[in-house]
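K.L.:
structure here, sequence nowhere to be found:
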């Protein structure tokens, strides 16, 4: 998959590609917007591009591992039950301090990050304030008002726009899951 296979938000596609091309990847991003518009797909593709070791985005060992869902430097955190628990974030904090294995960076996606408990959010703050140089965190959020202001202030916000109902139907019927 690449950004061309994701519907909508063309400006964001250009911006994320420029970040990769100029190697200006920052430590934390917040992908914000309505639920179901492809933020997670964008985050996964962005992560693949960040981790690629030959910048051709194909046939490198990193991309092969990524496509087989077996990349040791890529992690997605989803809620367990109704929330993202403090133990999940503690595990992230422990793992983030280990150096990358395949790529020059490690990428962590926290899906539905507004579902972090207060303890989980507070546990994440220290890492957001002082991340290892090789770490990239992408927080995906549909209701950013539920995130702590201190977390929001440490992330580069990328605001996703709605997509048309027709495009949404096409997107949702063909969406890949990671």
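P.N.:
Received, thanks. Everything numeric here is computed off the predicted structure, so don't read it as measured data.

K.L.:
okay, CA-based contacts and neighbour counts for the rest of this
P.N.:
Will do.

K.L.:
show me the strands paired with the longest strand seen in the chain, marking each as parallel or antiparallel.
P.N.:
Scanning the chain for the longest strand, with DSSP state E as the assignment, gives strand 135-141. Here strand 135-141 is paired, per DSSP bridges, with strand 28-32 (parallel), strand 106-110 (parallel).

K.L.:
distance check, residue 151 against residue 3.
P.N.:
Using CA to CA, to the nearest Å, residue 151 is found at 27 Å from residue 3.

K.L.:
still on that earlier bit, what's the first helix or strand after the longest strand of the chain?
P.N.:
Remark: after strand 135-141, the chain's next helix or strand is helix 149-152, criterion DSSP states H and E.

K.L.:
chain center to the helix or strand following that following helix, what's the gap?
P.N.:
For helix 149-152, the succeeding helix or strand toward the C-terminus, using DSSP H and E, is strand 156-159. Centre-to-centre, strand 156-159 and its host chain are 12 Å apart (CA atoms, centre = their mean, to the nearest Å).

K.L.:
contacting residues around strand 156-159?
P.N.:
Applying CA atoms under 8 Å, 6 or more residues apart in numbering, the contact partners of strand 156-159 are 12, 28, 29, 30, 31, 32, 33.

K.L.:
in CSV, list those residues along with pLDDT and distance to residue 64.
P.N.:
Supplementary listing: these in CSV, determined by pLDDT from 0 to 100; distance: CA to CA, whole Å:
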residue, pLDDT, distance to residue 64
12, 87, 25
28, 96, 25
29, 97, 25
30, 97, 26
31, 96, 25
32, 94, 29
33, 93, 30
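
K.L.:
can you list these in TSV and add distance to residue 127 and neighbour count?
P.N.:
As requested, the contacts of strand 156-159 are exported to TSV (distance: CA to CA, whole Å; neighbours: other CA atoms under 10 Å):
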residue	distance to residue 127	neighbour count
12	26	16
28	10	24
29	13	20
30	15	25
31	18	25
32	20	19
33	24	19
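
K.L.:
next, the contact list for residue 53, please.
P.N.:
With CA under 8 Å, 6+ apart, residue 53 has these contacts: 60, 61, 62, 103, 104.

K.L.:
buried among those residues? Make that a PyMOL selection.
P.N.:
The PyMOL selection below is limited to those of these classed as buried (16 or more other CA atoms under 10 Å):
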select buried, resi 62+103
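
K.L.:
nearest to residue 127, out of the contacts of residue 53: which one, please.
P.N.:
In terms of CA to CA, no member of those lies closer to residue 127 than residue 104, at 18.4 Å.

K.L.:
quick check: pLDDT value at that closest one.
P.N.:
According to the prediction, residue 104 has pLDDT 94.
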